[in-house]
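Undergrad: Build me a model:
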Amino acid sequence: MERMGSIHRKVMVRQHKAEVMIAGEQLRLRLHDGKLIKDHRYHLRTYPNCFVAQEVIDWLVSHKEAPNRQVALQLMQHLIDHDIVHHVCDKSPIFKDVKLLYRFRKDDGTFPFNTEVKVFMRGQVLYEHLISGRDSILQLREEKGVAYQRSFPGCQLIDWLLQNGEVPSRRQGLELCKALLEHGIIQHVSLKHHFFDSGLLYQFCINFRRRRRLSELLSESEQDAEGVAPQRQEERPESPFVLRKNTPMEGNASFMSIQPSDLKVASGARRSSLTNQQVTSSYSHSNSLCSGPVVRCNPKSVLRKNVTCEELLSPGAPFIRRVLTVLGDALGWGFVVRGRSPCYVQAVDPNSPAAAAGVKVRQFVCQVNGRSVLHLDYRTLTKLVMTGPRTVVLEVMEPID
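TA: Residues are numbered from 1 along each chain as shown. A predicted model of the protein is given here:
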């Protein structure tokens, strides 16, 4: 037990590092999308793929990733401390709110690919394969009378690794799984055991798809310093991290609810995994086909009138049936559902896979991947999408305006 306690403490530290890497990468992609990362010329020299510190601090505050400049400064310093960001000339280990140039190490090839990073990246690839597979071993299972979602027996994971050519032997599969546990990628469901090639149940303890809210990093860091273990994934409130990139549109990164002329700008903070970010910012208890906590954005329904399932299916009803195929990207699908029996589309990220596939607000969701969902509530529908393949086939009823 003492050895497991020591492993658990190391796991907590490594999990935090993993969260920082994911949050840092998500921020890097968003800054690239917002054109903040670009080539800058200074003293007759061009520095490629870098950003101005002061501009990023402005962006973090304006996009509600930080409540003020001081917190934004702490967030960027946190990324420097974890070797995610550095000064272009490595002259200072301190992030300053001035017109200095900094760069993400991933943009100049200086990111340190040590053992921890390699295990983390291997775990991320395995997670994506397992979460997207049709006959995934990640299922609802019981151990000692307690049900655990997306859990798997240790022996089945090793079987899967062998069947898919991930490892050449069962021994190496066991070694890989032990490394994943020791680096905080997977864990025993009740945290009582190391990894064994047996029927004991394990889970991934990192949701790689969840959109991270940067301010979470500071709170987790404070918890680590105080010796407080962060909440386990299944104990957290619904994560506010949207599983979709939020591309800034004229200074605002909100989802489209209703029409562009009626666009409501989300004023809450963004998710923290798919953990706090519901739609751009926050979304009032409406899951955004993302995995994250709860945010408040467009709390008012976009429906012009309530519609029942019977009205939707009645002959001659003013609706058009459409079948849409949404191919999710690394951050998700990009739309939000609300309601129950039937659920409807509340918001769509205008630059998301959902928007490209034709998903629109006020569409009613009838089927997901061939399964009828008319009588489900939005939470159940969201879980169905989140636990299914990355390609989602939606059958929707679109109102005839």
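Undergrad: how about the helices in the stretch 51-200 of the chain?
TA: 53-62, 69-81, 115-132, 154-163, 170-182 (DSSP state H, counting those that start in this stretch).
Undergrad: Could you provide these in CSV, with additional columns for mean neighbour count and mean pLDDT?
TA: No exception for glycine: its C-beta is placed from N, CA and C like everyone else's. Below are the helices of the stretch 51-200 of the chain laid out as CSV (neighbours: other CB atoms under 10 Å; pLDDT from 0 to 100):
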stretch, mean neighbour count, mean pLDDT
helix 53-62, 18, 95
helix 69-81, 18, 92
helix 115-132, 16, 86
helix 154-163, 18, 94
helix 170-182, 18, 93
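Undergrad: can you tell which of those is closest to residue 334?
TA: helix 115-132 (16.8 Å; CB to CB).
Undergrad: want to try a markdown table for the helices of the stretch 51-200 of the chain, with distance to residue 386 as columns?
TA: Formatted as a markdown table, those follow (distance: least, CB to CB, whole Å):
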| stretch | distance to residue 386 |
| --- | --- |
| helix 53-62 | 28 |
| helix 69-81 | 27 |
| helix 115-132 | 9 |
| helix 154-163 | 20 |
| helix 170-182 | 21 |
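Undergrad: The ones you listed: which one's closest to residue 314?
TA: Going by CB to CB, the one of the helices of the stretch 51-200 of the chain nearest residue 314 is helix 115-132, 36.8 Å.
Undergrad: quick one on the thing from earlier: so which of the helices of the stretch 51-200 of the chain is nearest residue 388?
TA: helix 115-132 (8.4 Å).
Undergrad: How far away from the center of its chain is that closest one?
TA: Offset of helix 115-132 from its chain centre (CA atoms, centre = their mean, to the nearest Å): 14 Å.
Undergrad: Can you tell me what sits against that helix?
TA: With contact meaning CB atoms under 8 Å, 6 or more residues apart in numbering, helix 115-132 is reached by 14, 17-18, 21, 111, 136-138, 150, 152, 160-161, 164, 166, 176, 179-180, 183, 185-186, 204, 206, 208-209, 387, 389-390.
Undergrad: PyMOL command for the buried members of the residues you listed?
TA: Listed next is the PyMOL selection for buried residues among the contacts of helix 115-132, using 16 or more other CB atoms under 10 Å:
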select buried, resi 14+17+18+21+111+136+138+150+152+160+161+166+176+179+180+183+185+186+204+206+208+209+390
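Undergrad: just checking, which of the contacts of helix 115-132 belong to strands?
TA: 150, 152, 186, 204 (DSSP state E).
Undergrad: Report the separation between the first one and residue 128.
TA: Using CB to CB, to the nearest Å, one obtains 13 Å as the distance from residue 150 to residue 128.
Undergrad: In the stretch 301-401 of the chain, where is pLDDT below threshold?
TA: 330-331 (pLDDT under 70).
Undergrad: Which parts of it are strands?
TA: For the stretch 301-401 of the chain, the strands defined by DSSP state E, counting those that start in this stretch cover 319-327, 335-339, 343-348, 364-368, 371-372, 391-399.
Undergrad: what about those, which gets the closest to residue 47?
TA: With CB to CB, the closest approach to residue 47 among these belongs to strand 319-327: 35.6 Å.
Undergrad: relative orientation of the closest one and strand 391-399 in degrees?
TA: Using axes from the mean of the first three to the mean of the last three CA atoms, to 10 degrees, the inter-axis angle of strand 319-327 relative to strand 391-399 is 160 degrees.
Undergrad: Show me what strand 319-327 is packed up against.
TA: helix 353-357, strand 391-399 (3 or more CB pairs under 8 Å, 6 or more residues apart in numbering; DSSP states H and E).
Undergrad: what residues does it touch?
TA: Here strand 319-327 makes contact (CB under 8 Å, 6+ apart) with 312, 333, 335, 353-354, 357-359, 363-364, 366, 390-400.
Undergrad: Quick check, residue 360 in contact with residue 399.
TA: No: with contacts counted by CB atoms under 8 Å, residue 360 stays clear of residue 399, the gap being 9.5 Å.
Undergrad: Regarding this protein, what is its longest helix?
TA: helix 2-33 (DSSP state H).
Undergrad: Which residues does the helix or strand following that one contact?
TA: Following helix 2-33 in sequence order, the next helix or strand is strand 38-42 (DSSP states H and E). The contact list for strand 38-42 (CB under 8 Å, 6+ apart) reads 46, 47, 48, 49, 50, 51, 52, 101.
Undergrad: one more time with 7 Å, if that's ok
TA: For strand 38-42, contacts defined as CB atoms under 7 Å, 6 or more residues apart in numbering pick out 46, 47, 48, 49, 50, 101.
Undergrad: Would you mark the buried spots in that strand?
TA: residue 40.
Undergrad: Just give me how far that strand sits from the chain centre.
TA: The answer for strand 38-42 is 31 Å, by CA atoms, centre = their mean.
Undergrad: Just the C-alpha atoms of that strand, please, in CSV.
TA: The C-alpha trace of strand 38-42 is given here as CSV (Å, rounded to 0.1, in the frame of the first residue of the first chain):
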residue,chain,number,x,y,z
LYS,A,38,3.5,34.6,-37.2
ASP,A,39,6.9,35.7,-38.4
HIS,A,40,8.1,38.9,-36.7
ARG,A,41,11.0,41.1,-37.8
TYR,A,42,13.2,42.7,-35.1
